[in-house]
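[1] here is a sequence together with a model predicted from it:
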Amino acid sequence: RDAWKEEPFRSAYVFNAALDAMRRLHRPTDAAELLQAMRRVHGVAPDHASFGIALASAREAGDARLFLELLRTLCAEAGGRRGEGGRRGFLVSDRLHSELIAGLGFFGEPRRALRLLSQLLDTDLPLSSAVFNRALKVVGRSAERRPLALRLVAIGSERSAWGAAADSEPFVWAPEAARLDARAFWTGPPLTAALAFWLRELAARYPPSGASPPPQSAALVVSDGARAGGSDAEAEARLEYVSLDLSSHGVVHATLPAGEAYASDALAPPGGLTLLLDVPSALAAGRQLAASVQEPPRSARLDALLGGDDVAADELDHSLDALLGSLAPRDVWVSHKRRDEARRRARGRAALLERGLLPDDRLLSEESAAAAFDSAAERKAAPGSRSRWPAPLPDGRVPWSTPRESDARPRDNVFRAAPSRRRAV
């Protein structure tokens with residue numbers, strides 16, 4: 001810990017790495033103590049990632065008391081940031097909200113979890129699929145909460161949460177081919193809710209007495225194997241889960257052979273697992289779902305759809321509501337979301353290359369490359385950036401061997417972001 005007293009190491013990034021190491025070693029108490037000491041002892045303000053790692057450590061250890069203590073510290077930190085001059089951009093993405101939703105749901109507080117989600121839905125900020133997947137896991141698979149689960153899927157679809165994660169539209173009901181791209185939905189309640197939503201909407205778009213004929217074919221994309229660190233056993237388990245779900249709805253299905261995936265209308269990813277569905281049985285399952293699930297009014301609050309008696313908001317609820325004042329502006333969220341998507345595409349491409357599969361053209365598109373380049377350029381040109389590299393040249397080339405003209409630090413080590421401690425020459 002003595003090394004952290006030196007100026008180059010007094011950064012939230014270094015502390016976040018230490019916090020993550022403690023989380024992996026299952027030492028939540030040490031992670032919480034380090035988080036508390038960041039500002040008090042070392043003079044480094046914790047960021048949203050610091051709190052997210054510490055909260056995840058407490059959740060994984062099942063320590064409800066520690067989780068609640070960290071939650072109160074987070075609310076106090078966010079309130080202090082507001083007092084320093086309004087919206088300071090403390091929360092630059094929905095990662096922390098995602099972890100809070102997961103933790104509150106794990107410790108038996110689904111109402112507070114959905115209250116946090118409603119807080120984000122009241123803004124125009126772009127949200128990731130992880131927030132909705134976490135919320136769907138909190139809701140669960142029970143029949144009583146199915147209307148709420150379908151409502152969450154509908155909201156996430158309207159905000160294109162899963163489309164950005166899978167690089168394609170997850171729900172397709174075209175006359176030539178209907179398709180559910182379920183790759184962005186986590187195994188468990190999120191995948192179950194997505195399937196129920198797709199079947200219900202399929203039946204609603206093609207009623208028995210409708211003028212439009214039903215789709216000629218239907219497919220369900222289960223997995224593409226692009227998850228970094230994923231295994232074939234994991235994909236097979238996911239396929240078995242989907243098959244059981246389809247069977248429970250009475251949908252006849254069969255696995256699409258990998259060799260036929262490229263010539264089919266299912267748009268199956270290379271090396272992926274895709275199921276062909278029987279259209280009449282899928283329509284019958286969708287009509288049965290529509291008859292059994294009552295659509296709640298759109299004005300109803302998400303936490304009210306959980307059922308049970310209404311609970312008055314307490315001090316902790318008001319503290320969580322105060323996080324709304326710590327959300328960064330929309331342009332900051334968009335920049336971080338584009339950066340996360342670029343990282344995800346890179347991990348997916350690396351996993352495909354490792355398996356010897358042809359990379360998906362969407363991962364190598366010029367638009368994706370330009371988005372990643374623009375995000376890096378914005379980050380380097382931002383005020384206070386520690387990058388030593390100047391902006392790109394007019395022709396697009398980057399002068400990697402040239403530091404910024406305004407950089408007055410020694411030129412003896414241009415590959416270090418931290419100030420060099422060697423003698424200037």
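    Great, that's in hand. The shown structure was predicted, so the numbers you read here are calculated from the model rather than taken from an experiment.
[2] strands of the stretch 51-200 of the chain, residue ranges please.
    171-173, 178-181 (DSSP state E, counting those that start in this stretch).
[3] remind me which residues of the stretch 51-200 of the chain are low pLDDT?
    Low-confidence segments of the stretch 51-200 of the chain, defined by pLDDT under 70: 79-88, 164-167.
[4] mind doing that once more with 50?
    Across the stretch 51-200 of the chain, the ranges flagged by pLDDT under 50 are 82-87.
[5] that older thread, switch the strands of the stretch 51-200 of the chain over to CSV; also include distance to residue 103 and mean neighbour count.
    All C-beta atoms are positioned from the backbone trio N, CA, C, and that covers glycine. Putting those into CSV (distance: least, CB to CB, whole Å; neighbours: other CB atoms under 10 Å) gives the following:
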stretch, distance to residue 103, mean neighbour count
strand 171-173, 29, 19
strand 178-181, 29, 27
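[6] buried set for stretch 287-298?
    Of the residues in stretch 287-298, 287, 289, 290, 293 count as buried by neighbour count, 16 or more other CB atoms under 10 Å.
[7] any idea how far residue 89 lies from residue 49?
    Distance of residue 89 to residue 49, computed by CB to CB, to the nearest Å: 13 Å.
[8] repeat that for residue 40.
    In terms of CB to CB, residue 40 sits 19 Å off from residue 49.
[9] ok, residue 280 - how many residues close by?
    Counted with other CB atoms under 10 Å, residues neighbouring residue 280 total 12.
[10] excluding its backbone neighbours, what's nearest it?
    In this structure, residue 280 finds its nearest non-sequential neighbour in residue 214, 7.6 Å apart by CB to CB, 6 or more residues apart in numbering.
[11] now do the SS call for that neighbour.
    Here residue 214 is recorded as coil under DSSP: H, G, I helix; E, B strand; the rest coil.
[12] now the one 5 residues further on
    Per three-state DSSP, the secondary structure class of residue 219 is strand.
[13] pretty sure it contacts residue 181?
    No - with contact defined as CB atoms under 8 Å, residue 219 does not reach residue 181; the gap is 9.0 Å.
[14] circling back: more neighbours: residue 89 and residue 49, which one.
    Neighbour comparison, residue 89 and residue 49: the larger count goes to residue 49, with 19 against 15 (by other CB under 10 Å).
[15] so how far is residue 131 from the more buried one?
    Noted for residue 49: a distance of 16 Å to residue 131, by CB to CB.
[16] tell me the pLDDT at the residue nearest to residue 280?
    We have a pLDDT of 89 for residue 214.
[17] that one: how many residues sit nearby?
    By other CB under 10 Å, the burial measure for residue 214, its neighbour count, is 19.
[18] now it: phi and psi?
    Dihedral pair for residue 214: phi -70, psi 160, per degrees, to the nearest 10.
[19] go on, residue 276?
    According to degrees, to the nearest 10, residue 276 has phi -90, psi 130.
[20] state the distance from it to residue 146.
    For residue 276, the distance to residue 146 (CB to CB) stands at 26 Å.
[21] go on, residue 136?
    11 Å.
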